[in-house]
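In: sequence? don't have it. structure:
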Ligand SMILES: [Zn+2]
């Protein structure tokens, strides 16, 4: 039994042509998301949250035969406006990783909207307090960042917060240790691959959906089609290499030049 977790970012309405504050590399349209959900439904996939995945790993819960985890990063306002209604319509759930400092800012969800997501059966996890790459912080700053966001979420939502997604996908052993120390039970990263019982809960793999979006390829990955993983790994390999050569700052600058509105 292997579980694929997909990661989405901002979702835009075809009519509005995208919002300037989100990264065009990682955006997808409402139409693209809907056709992906329809394909998953057609192939009898059922969604699981981070908590359900961890329950299965720990032996306290079971998973549906065809399970997929849908995760949404950054707390974009579109997650409430477009994503949640679509998930409800397809009887799917999602895990939403939000950066606490952005909550209530223009373009991001409010506390009230997050509470509605919880009411709708969605899971809310942390995506840091400030979205700074955790690898650029000292170990004690990492713990502080992760404790602060977890406590704010638990207080405001009145729900347990067990999962964190590493901002920008930047993580290492120190970050994993900080997440455990801050009280999390799962750290989701953006290493391409599937998750099994043996996968470290502090290095859970996710496949980030990026432009150009190919619904066929994404569904192929969820279905365990190895060629699609190879393609995604190759794309991520190029991005990793650029990040390593240029460093985080210059990589972000390059992206802004390559993609308008990024
Ligand atoms: Zn992020």
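Out: Looks like it came in fine. All of these numbers come straight from a predicted model, not from anything done at the bench.
In: quick one: name the residues of the stretch 101-250 of the chain near the ion.
Out: residue 167 (CB under 5 Å from the ion). Backbone N, C-alpha and C define where each C-beta goes, glycine included.
In: run through the helices of the stretch 101-250 of the chain in chain order.
Out: 111-119, 139-157, 173-181, 215-222, 226-258 (DSSP state H, counting those that start in this stretch).
In: just list the residues touching the residue lying closest to residue 185 once chain neighbours are set aside, thanks.
Out: Excluding the flanking residues, the one nearest residue 185 by CB to CB, 6 or more residues apart in numbering is residue 162, at 4.4 Å. In this structure, residue 162 makes contact with 50-51, 54, 125, 184-186, judged by CB atoms under 8 Å, 6 or more residues apart in numbering.
In: give me that answer again for 7 Å
Out: Counting by CB atoms under 7 Å, 6 or more residues apart in numbering, residue 162 touches 50-51, 54, 184-186.
In: quick check: next helix or strand after the longest strand along the chain?
Out: Secondary structure of the chain read by DSSP state E shows that its longest strand is strand 67-73. On the C-terminal side of strand 67-73, the nearest following helix or strand under DSSP states H and E is helix 77-78.
In: now that next one, how far from the centre of its chain.
Out: For helix 77-78, the gap between its own C-alpha mean and the chain's C-alpha mean amounts to 14 Å (CA atoms, centre = their mean, to the nearest Å).
In: after it, which helix or strand is next?
Out: helix 84-89.
In: returning to that earlier point: can you list the helices of the stretch 101-250 of the chain in TSV and add mean neighbour count and mean pLDDT?
Out: Formatted as TSV, those follow (neighbours: other CB atoms under 10 Å; pLDDT from 0 to 100):
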stretch	mean neighbour count	mean pLDDT
helix 111-119	16	98
helix 139-157	18	98
helix 173-181	19	97
helix 215-222	20	89
helix 226-258	13	76
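In: count of neighbours near residue 224?
Out: 12 (other CB atoms under 10 Å).
In: apologies, that question was intended for residue 198.
Out: The number of residues packed around residue 198, counting by other CB under 10 Å, is 6.
In: quick check: closest non-adjacent residue to residue 5.
Out: Using CB to CB, 6+ apart, the closest residue to residue 5 is residue 69 (3.9 Å).
In: ugh, wrong one, I meant residue 28
Out: Using CB to CB, 6+ apart, the closest residue to residue 28 is residue 213 (5.2 Å).
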